[in-house]
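Chemist: Take this sequence and fold it.
(6 chains)
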There are 4 protein chains.
Amino acid sequence: MDRPESRPAGRPRDADADDRIIDAALAEYAAHGHAGYSLNGVARRAGVGKSSIYLRWADKESLLVDAVHARAEAPWIDTGSLRGDLEAVVTWLLRHFLTEVGWVAVRIAIDGVQTDTSAPRPEKVGAQHAQVIHDVWERALSRGEVDPGDAGTWLRVTRMMYGDLLMNAMLDRARLRGLDDDERAREARDLVDLMMLLLQR
Amino acid sequence: MDRPESRPAGRPRDADADDRIIDAALAEYAAHGHAGYSLNGVARRAGVGKSSIYLRWADKESLLVDAVHARAEAPWIDTGSLRGDLEAVVTWLLRHFLTEVGWVAVRIAIDGVQTDTSAPRPEKVGAQHAQVIHDVWERALSRGEVDPGDAGTWLRVTRMMYGDLLMNAMLDRARLRGLDDDERAREARDLVDLMMLLLQR
Amino acid sequence: MDRPESRPAGRPRDADADDRIIDAALAEYAAHGHAGYSLNGVARRAGVGKSSIYLRWADKESLLVDAVHARAEAPWIDTGSLRGDLEAVVTWLLRHFLTEVGWVAVRIAIDGVQTDTSAPRPEKVGAQHAQVIHDVWERALSRGEVDPGDAGTWLRVTRMMYGDLLMNAMLDRARLRGLDDDERAREARDLVDLMMLLLQR
Amino acid sequence: MDRPESRPAGRPRDADADDRIIDAALAEYAAHGHAGYSLNGVARRAGVGKSSIYLRWADKESLLVDAVHARAEAPWIDTGSLRGDLEAVVTWLLRHFLTEVGWVAVRIAIDGVQTDTSAPRPEKVGAQHAQVIHDVWERALSRGEVDPGDAGTWLRVTRMMYGDLLMNAMLDRARLRGLDDDERAREARDLVDLMMLLLQR
DNA sequence: CTTTAAACGAGACGGTACGTCGGGTCTTACA
DNA sequence: TGTAAGACCCGACGTACCGTCTCGTTTAAAG
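Modeler: Residues are numbered from 1 along each chain as shown, chains lettered A, B, ... in the order given. Here you go, the predicted structure:
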């Protein structure tokens, strides 16, 4: 019997180490901030040699990007209506931007912007958000709730939504933390009201 | 005879050095990015001893914050109408977020967010934006274009505006860079259209 | 099977680096004097990172002490007579105090004296001299050339010998440098004449 | 009308400052040792600007040399006999090498030795010792206690004396500190016994 | 069962930047 | 012109971390 790609010789990677390293990376970042996020610290916390990290990632930045990507799970959303989907997305993001991993993702995305060049940059971090938004749009299209010609408006409106949530998470973090589920739902409804207004203009 | 506050003893600070240091800091940041922004490098570029920097700022982070604050000038806007003011603000921001200093300010603001605590954080960087937005609102109020009860909506709408522009600057930087003045004006008009719609709902 | 002490984990120390560092330290000291002896310079000259030095020594002073200790070799002396041994010691010291390492050792010994306290101080530098003198005494004792009761006189006489050579090396260095082997031997004989006189009083 | 040396224009030197600086220099050296002897500290302790120090001395080393020279007073010795003079000198030195200023002088003399060159070096520190020894010799000569041909022996014997006292002060400092006047006198007599033996050989 | 080969932990390696401190010079206002 | 104060440029200090390297050990497949 054939095995298309046989395992390479030598001792196999310790799959558990990946997890321990990723968790340690996020924990160190959370504990000491960007400046205090050190690979020495990650290795120590993960109980792992530095070489095991460098076998897997090229540098501390790549590790952080992958860690965020690995731990930031997008919800699976399909409520049956555009409005419902949007409320679900907004509710998710209201929480997400308050989490450690969610905010690290924001920092990475901002840091990754090259100010001087138009060179393509690693899009890993934002990809799952793009996917969620795209799916909502596709389902709304297939239900006939939106018109293919509104793609431009859709883009702008979702951008405004992200922006509002980002600014909110940045400037009013303490209040947002204190919200219970009902209040969060109301907050989401208010924002979606405006979005629907713009989309149905 | 009055001498409100006499000069302190000793050789006075070299005022020119402040400027050279600030320019060097921004230039180093621009040249080598966040990771490569080193105080040794700043001192070398400014032709200044490290101690002269540490006499003025506590650490490299404070220097960067102050440098951004010192070099990021807000426009003086008063067009006579809410719509005109908003278009002027948007046009300014469309440029601003593409500049080195403008984007460094964004990074600093994002980095300054404490994820774990609600402790007050240095607001220096965002203050001038807040001022500009506040002034537009006050003038619109005094002209009777808006209602004092709409303050909440105003807050949300401007947040959405900033967010749209931020996301745009982050995700579509290359295109934005290529715009000429007319295109930028059109872009601004489109966004303000949506904002006015929401404000006058 | 015995393995008295197994090697510790991790990459082993580079034994060659020790030598390079020690040589560099003495060379820097010789080149730039006490004031110009800098660890940065030592690291540069040895082609070594500063961390590799601080892994081995606590500070620049300890390095210098160890360097002197490592490079200052005492001769192996056993001529068969007290007079012969003393002449050998004196001849050695006449050279030794003119060498770089020999004189650095003197400076360290002098600097190490605590003027205000009687606390014990690192004796490393002087230990080998003490050993040589002690051995000469023991052999003379076993040959019956001296009396155990003369220990006090022996101590004083050898102290005077060291002192004479030290003062000579300090005040008349240029002349001493110019001596050839015969002259040095005569110089040694003259001093030992006096010492024998005192010992046999 | 003539004024032989007219006071120079401008503010006159503060005569008291010299003393305060010298005392501060020795005190700082005593307090923090060679490494901790800093001009900043001296200026602070003396209540003086650094520039006032640099107006008087070229660098911190010169200041220390002068400070030692200014504060190290030699005794005036004339007992009427060679033996008496020598005992007085030894008794003085037994104390002197235990004092702060006395030992600093030793360090400076040792440090000043150029290991690589025969260039003349500042002899200031040793000069007064040389003078005292010379005077004792001259008086002994004029009394007919020694022969002019013994100058070489005199040189060597005094060198041995200094050396014995130096080594003693270095290696056995604690014991020497504890001596009372009688014990010190006995110690001096013992050494002078040996010296006289060598001189009268 | 032995060999081979890679991953593992540990930690030393050469560098570089940190923030502090001291040296010797310079620039002020005052005496 | 001297003085006290203190800023100036420079460069060393000792620490921390980067990304690489070199060990001896462990693991699992191949021979």
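
Chemist: So chain A: which segments form each domain?
Modeler: What automatic domain parsing lists as the domains of chain A is A:15-71, A:82-199.

Chemist: For the residue in chain A that DNA strand E sits nearest to, what are phi and psi?
Modeler: When scored by C-beta to the nearest atom of the strand, chain A has residue A:10 as its residue closest to DNA strand E, at 1.8 Å. In short, each C-beta sits where N, CA and C put it, glycine included. Backbone torsions for residue A:10, taken as degrees, to the nearest 10, come to phi 90, psi 180.

Chemist: how deep is it tucked in, by neighbour count?
Modeler: 6 (other C-beta atoms under 10 Å in any protein chain shown).

Chemist: what does residue A:187 give?
Modeler: By the measure other C-beta under 10 Å, the count of residues near residue A:187 is 18.

Chemist: Assess the claim that it and residue A:178 are in contact.
Modeler: No: with contact defined as C-beta atoms under 8 Å, residue A:187 does not reach residue A:178; the gap is 11.7 Å.

Chemist: can you pull out the helices in chain A?
Modeler: For chain A, helices defined by DSSP state H occupy the ranges A:15-36, A:39-46, A:50-56, A:60-71, A:82-96, A:100-111, A:124-142, A:151-171, A:173-178, A:181-199.

Chemist: Can you redo those helices as JSON lines, where the extra columns are distance to residue D:162 and mean pLDDT?
Modeler: Below are the helices of chain A laid out as JSON lines (distance: least, C-beta to C-beta, whole Å; pLDDT from 0 to 100):
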{"stretch": "helix A:15-36", "distance to residue D:162": "59", "mean pLDDT": "92"}
{"stretch": "helix A:39-46", "distance to residue D:162": "55", "mean pLDDT": "96"}
{"stretch": "helix A:50-56", "distance to residue D:162": "59", "mean pLDDT": "96"}
{"stretch": "helix A:60-71", "distance to residue D:162": "63", "mean pLDDT": "93"}
{"stretch": "helix A:82-96", "distance to residue D:162": "82", "mean pLDDT": "96"}
{"stretch": "helix A:100-111", "distance to residue D:162": "69", "mean pLDDT": "89"}
{"stretch": "helix A:124-142", "distance to residue D:162": "77", "mean pLDDT": "91"}
{"stretch": "helix A:151-171", "distance to residue D:162": "77", "mean pLDDT": "93"}
{"stretch": "helix A:173-178", "distance to residue D:162": "76", "mean pLDDT": "92"}
{"stretch": "helix A:181-199", "distance to residue D:162": "89", "mean pLDDT": "95"}
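
Chemist: Of all those, which one comes closest to residue B:43?
Modeler: Of all the helices of chain A, it is helix A:15-36 that lies closest to residue B:43, at 19.4 Å by C-beta to C-beta.

Chemist: Which secondary structure elements does the closest one sit against?
Modeler: helix A:39-46, helix A:50-56, helix A:60-71, helix A:100-111 (3 or more C-beta pairs under 8 Å, 6 or more residues apart in numbering or on different chains; DSSP states H and E).

Chemist: close to DNA strand E, is that helix?
Modeler: Yes: Helix A:15-36 lies within reach of DNA strand E by C-beta under 7 Å from any atom of the strand, at residue A:17.

Chemist: okay, now whatever residue of chain A ends up closest to chain C: neighbour count?
Modeler: Residue of chain A nearest chain C, by C-beta to the nearest C-beta: residue A:49 (9.2 Å). For residue A:49, the count of nearby residues is 13 (other C-beta under 10 Å).

Chemist: swap in residue A:34?
Modeler: Residue A:34: 13 surrounding residues under other C-beta under 10 Å.

Chemist: coming back round to it: can the helices and strands packed on helix A:15-36 go into CSV with extra columns for mean neighbour count and distance to chain B?
Modeler: Listed next are these as CSV, based on neighbours: other C-beta atoms under 10 Å in any protein chain shown; distance: least, C-beta to the nearest C-beta, whole Å:
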stretch, mean neighbour count, distance to chain B
helix A:39-46, 18, 13
helix A:50-56, 14, 17
helix A:60-71, 19, 8
helix A:100-111, 20, 5
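
Chemist: Reformat those as CSV; add distance to residue C:23.
Modeler: Formatted as CSV, the helices and strands packed on helix A:15-36 follow (distance: least, C-beta to C-beta, whole Å):
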stretch, distance to residue C:23
helix A:39-46, 31
helix A:50-56, 31
helix A:60-71, 36
helix A:100-111, 45
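
Chemist: between the ones you listed, which one is nearest to residue D:15?
Modeler: Using C-beta to C-beta as the measure, helix A:39-46 is the one of these that comes nearest residue D:15, at 59.1 Å.

Chemist: is that closest one up against chain C anywhere?
Modeler: No: on the criterion C-beta under 8 Å from any C-beta of the partner chain, helix A:39-46 is out of touch with chain C, staying 12.5 Å away.

Chemist: Does anything pack onto that helix? Which helices or strands?
Modeler: So helix A:39-46, by 3+ C-beta pairs under 8 Å, 6+ apart, packs with helix A:15-36, helix A:50-56, helix A:60-71.

Chemist: Now find how far off-centre the shortest one is within its chain.
Modeler: In terms of C-alpha atoms, centre = their mean, to the nearest Å, the centre of helix A:50-56 is found 25 Å from the chain centre.

Chemist: can I get the CA coordinates of that helix in CSV?
Modeler: This file holds the C-alpha atoms of helix A:50-56, laid out as CSV (Å, rounded to 0.1, in the frame of the first residue of the first chain):
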residue,chain,number,x,y,z
LYS,A,50,14.6,28.2,21.6
SER,A,51,15.7,26.0,18.8
SER,A,52,12.3,24.2,18.8
ILE,A,53,10.7,27.6,18.2
TYR,A,54,13.1,28.5,15.4
LEU,A,55,12.5,25.2,13.8
ARG,A,56,8.9,26.2,13.3
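
Chemist: got a list of contacts for it?
Modeler: Residues from elsewhere that reach helix A:50-56 (C-beta atoms under 8 Å, 6 or more residues apart in numbering or on different chains): A:13-14, A:17-18, A:21, A:39-40, A:42-43, A:46, A:63.

Chemist: From residue D:25, how far out is residue A:18?
Modeler: Distance, residue A:18 to residue D:25, by C-beta to C-beta, to the nearest Å: 63 Å.

Chemist: Measure how far stretch A:187-201 is from the centre of its chain, please.
Modeler: Offset of stretch A:187-201 from its chain centre (C-alpha atoms, centre = their mean): 23 Å.

Chemist: next one: stretch A:44-59
Modeler: When distances are taken as C-alpha atoms, centre = their mean, stretch A:44-59 is centred 24 Å away from the chain's centroid.

Chemist: can you tell me the distance between the two ends of it?
Modeler: End-to-end span of stretch A:44-59 (C-alpha to C-alpha, to the nearest Å): 16 Å.

Chemist: Ok, stretch A:165-185 next?
Modeler: Stretch A:165-185 has an end-to-end distance of 14 Å (C-alpha to C-alpha).

Chemist: ok, now which ones touch residue A:110?
Modeler: B:106-107, B:110, B:170.

Chemist: Ignore what I typed, I meant residue A:70.
Modeler: residue A:22.

Chemist: that older thread, so the residue of chain A closest to chain C versus residue A:56, what's the distance?
Modeler: Using C-beta to C-beta, residue A:49 is found at 12 Å from residue A:56.

Chemist: Test my guess that residue A:194 contacts residue B:159.
Modeler: No: counting by C-beta under 8 Å, residue A:194 does not reach residue B:159; the two are 10.9 Å apart.

Chemist: Residues of chain A that sit close to DNA strand E?
Modeler: Contacts of chain A with DNA strand E, taken as C-beta under 7 Å from any atom of the strand, map to A:8-14, A:17, A:47-52, A:55-56.

Chemist: Fine by me, we can end here.
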